[in-house]
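> okay, predicted coordinates and the sequence, questions at the end:
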Amino acid sequence: MARGNKRGGKRGGGRGGGRGGAKSNAPAGAREDDGRGDHLEKADMHNARFFSYYKAQRIVPDEEWDAFVESLKSHLPVTFRVAGSREVATTLNSTIRDVHVPSLSNVVFEDQPIPPPVQIPWYPDGLAWQFNVPKRVLRRQAEFKKFHNFLVFETEVGNISRQEAVSMLPPLFLDVQPHHIVMDMCAAPGSKTAQLLEALHSSDGATPNYPRGLLLANDSDAKRTHLLIHQSARLPSPSLLVTNLDASNYPTVRIPVDVLRAHEAAVAGKPKPTTSVNTGGKVKYAPLKFDRILCDVPCSGDGTIRKNMGIWRSWAPMDGNGLHSLQLRILQRAMNLLKEDGRIVYSTCSLNPIENEAVIAQALMQDEEFELVDTESDTTNLSSSSTETEGTEAGRQSTGMFPALLRRPGITTWRAATERTGDRTFESYEEFMASDVDDIVKAKMSRGHWPPEDKDIPQLHLERCMRIYPHLQDSGGFFVAVLERRRRKGKSAGKGPAKRDLELEDVEGEEPESKRVRIASEDASDEGMDLDKDALEAEAIQDVIEEEYVNPDVIPTGSEAQEVEAGDVAAEAAVESKKEEIKAKREGKKMLRNTSDGGGGVFRENPYTFLKPDDPVLITCLERLHINSSFPIDNVLVRNPEGAPARGLYLVNDLVKGVVQANNYERLRLTAAGTKVFAKQDSGTAQTVSVVQEDGTVEMQENKLGMFRVLGEGLPVVLPYVDPEWVMQGDMATLRTLVESYYPLCASFDEPFRGAIEARPTGSHIVQFPLGNLDGAVLTHDLVLPIWKSNVSLTLMIDKKAKSALSLRLFGADITTAGKNVKEAKETAPKPPAPV
């Protein structure tokens, strides 16, 4: 859980308090994905200001108020979803439904029946589940403990995502298709981003693992951006970009017009254009516009009160007032970045109309091209949505998107509070301005905090917003609004990017800035300017801290950065040195520093360099792995200051490549692009490797270029390009041996696999295991895995947790070496003394 505010974070610009917005002194927010907070007894779950404020807002009918309050005080169920785009999704869902649910259906714990997991009725294809079980049951009851272990392992490898039910809604309403250009403006920690990636990969003809579309995920918090990258890595995608910017002021991203034309032709099923718009050695660019944008904005987070218990103590009516302007700026920036006929989903985990309907109303009144979508009648997702109606209320069943989802319409009247006590609220802005409230307080409030004028309300259709309340389907509180941009009058579909948006830029056909390795950033506009001392101090402290931390996932930011001890002489010296370096950089001087790898540049994030198609390391890598000529060899990049294929090779699709090459990566604060597909294997830095000759003999040759292997996470992307005859065939017995042992000898396998692997050269190989069974273990679908062959042994090249998850799924137990060691340690551990 983030440090600071008990409601879940110290952040002022992200999803629920720190994602995507500017770092500011706005009230810290809470995320629906954050931790549970302090434990409270039910008798202590009371906040008179909370009850008074929301009762006055009439967010629920009077007859539902008691049920609403009681639900806020109840334990929030555990919810999770099966990753819908993965091949194992059907198998996992069947395992949960047919194996685990029956075994959990008649459990009694401490004389109380424990309900088994149930499917969430509105989630497509029944891939989301909910169960309401106290933690002590998970820890002590054998069947639930086994089920919990199953969830933990599958979550670690990305097959299952622990996510609150209401948090699953925004990506569903966004209706992402594989060809869409998508943006997640406030993305960390990444659960919704993962859903968007799954939608991009859901179906795209013969290449579901190489979709045409693009997902740009952004977050303003650098540390949480790395968490976002980690979460997204569970579903590797060549279509992903991650940036670290203020969402409310997100810069225009440009893309080569030729790339955009080729993309639009492919989406329309037309041939790639044979002519280029580039003339005279100049590349023409267009601003990148998005088909879909998710704005899950920073918020006060009081909808998470069931798990963030600190809200009961700290909530105040004005919590949302300070976030209103930031939320509005983020939404308005998204509206500027959206294509015609595009869709935005705006969401918060707050119940406060100041953060919800007030933001939507202001945005709509300032841009007449947008309108709210009536999701009750819209049938965009009807074919793929759950059509079950169990649990719906008479007269409230939806006939549009996700009909089994219980929702309440947005409200059109509300009162704004201007004091923390909540004793005084105002029905209108005019009433507030005419009051005796202090002028300082008046300066902090705007007309937009209150409802629109009566004459404007009908055309805004605020009732089309969706309010999700805890008592409706045992969930958290949530707000969702779906907006679409109408086509401008007089404009027709089919116009290319050159006609559709801003004027094109002509740029000389030189090497893009993103490909050049620079020693230091030299901004001429900064030359000679006086540096603000406080800003210089803060930047120097942050630089020093980042260099002290090896792991970028734990780099402190913001207020945490100020925790460098002022009295620490070494720290002070480092900060002073860093200040001089920053000054020199601002004055245009190149300051070289010695680094362990011999580089001379200062890079917060490594630059991106695309390898040339004839790069000898790349060619050798593809040849050894028998990857055919249809592989997108032009789209392989590396990330290091030298631009050399040193450790890992990344693959991106055409849109991502266009964005990377057309934009300065430092300006976008680009922190991730595509997915890593190949990695250099440190096999004892072998000087020679075995190579199979044309006559079938094996010859030892000098290893000049190093050995690269295909990564497990990159295999789904690479596999369509691998020569089918090079893919080896295994069986369940072979798979069991690879799972049980770290380095099984080649001679330990049965024929015909033994003979086949002994004839293969040293290096990376791919094995396909067809569906089958062995001693009760059943493989219900083909499984393809990477292995590494040394001179005499093999290694299954997936990490330990993925191997354990596979073992549990297939063999019903963790038979890996690590699993056996854990079991043995538990069995041999000294037992606690019996109570006297």
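Now that the structure is in, tell me what you want to look at.

> strands of the stretch 651-800 of the chain, start to end?
Using DSSP state E, counting those that start in this stretch, the strands of the stretch 651-800 of the chain run over 670-673, 675-680, 688-692, 698-702, 708-710, 728-729, 763-769, 772-774, 777-779, 783-789, 794-796.

> I'd like those strands laid out as CSV, including mean pLDDT, mean neighbour count and distance to Thr817.
For every residue, glycine as well, the C-beta is placed using N, CA and C. CSV is the format used below for the strands of the stretch 651-800 of the chain (pLDDT from 0 to 100; neighbours: other C-beta atoms under 10 Å; distance: least, C-beta to C-beta, whole Å):
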stretch, mean pLDDT, mean neighbour count, distance to Thr817
strand 670-673, 95, 23, 32
strand 675-680, 94, 21, 22
strand 688-692, 51, 15, 26
strand 698-702, 53, 12, 29
strand 708-710, 92, 24, 21
strand 728-729, 96, 14, 23
strand 763-769, 95, 20, 19
strand 772-774, 81, 13, 19
strand 777-779, 82, 16, 18
strand 783-789, 94, 20, 16
strand 794-796, 94, 22, 11
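
> nearest to Glu198, out of these?
strand 675-680 (14.3 Å; C-beta to C-beta).

> tell me which of the strands of the stretch 651-800 of the chain sits nearest to Phe749.
Ranking these by distance to Phe749, with C-beta to C-beta as the measure, places strand 794-796 first at 8.0 Å.

> run through who's touching the next helix or strand after that closest one.
Toward the C-terminus, strand 794-796 is succeeded by helix 800-811 as the next helix or strand (DSSP states H and E). Outside helix 800-811, the residues within contact range by C-beta atoms under 8 Å, 6 or more residues apart in numbering are 88, 91-92, 95, 149-150, 153-154, 156-157, 159, 712, 735-736, 739, 777-779, 796, 798, 813-816, 818-819.

> I'd like the next helix or strand past helix 800-811.
The first helix or strand that comes after helix 800-811 along the chain, using DSSP H and E, is helix 817-828.

> what does that following helix contact?
Under C-beta under 8 Å, 6+ apart, the answer for helix 817-828 is 740-742, 800, 803-804, 807, 813-814.

> is it possible to get a markdown table of the strands of the stretch 651-800 of the chain that adds distance to Ala165?
Shown next, in a markdown table, are those (distance: least, C-beta to C-beta, whole Å):
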| stretch | distance to Ala165 |
| --- | --- |
| strand 670-673 | 28 |
| strand 675-680 | 29 |
| strand 688-692 | 52 |
| strand 698-702 | 56 |
| strand 708-710 | 37 |
| strand 728-729 | 42 |
| strand 763-769 | 35 |
| strand 772-774 | 35 |
| strand 777-779 | 31 |
| strand 783-789 | 31 |
| strand 794-796 | 36 |
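
> poorly predicted segments of the stretch 501-650 of the chain, please.
Filtered on pLDDT under 70, the stretch 501-650 of the chain yields the residue ranges 501-604.

> quick check, nearest of the contacts of helix 817-828 to Asn352?
For these, the nearest to Asn352 is Ser804 (43.5 Å; C-beta to C-beta).

> so who does the closest residue to that closest one other than its chain neighbours touch?
Once flanking residues are discounted, Ser804 sits nearest to Asp814: 4.9 Å by C-beta to C-beta, 6 or more residues apart in numbering. With contact set as C-beta under 8 Å, 6+ apart, Asp814 has these partners: 804, 807-808, 820, 822-823.
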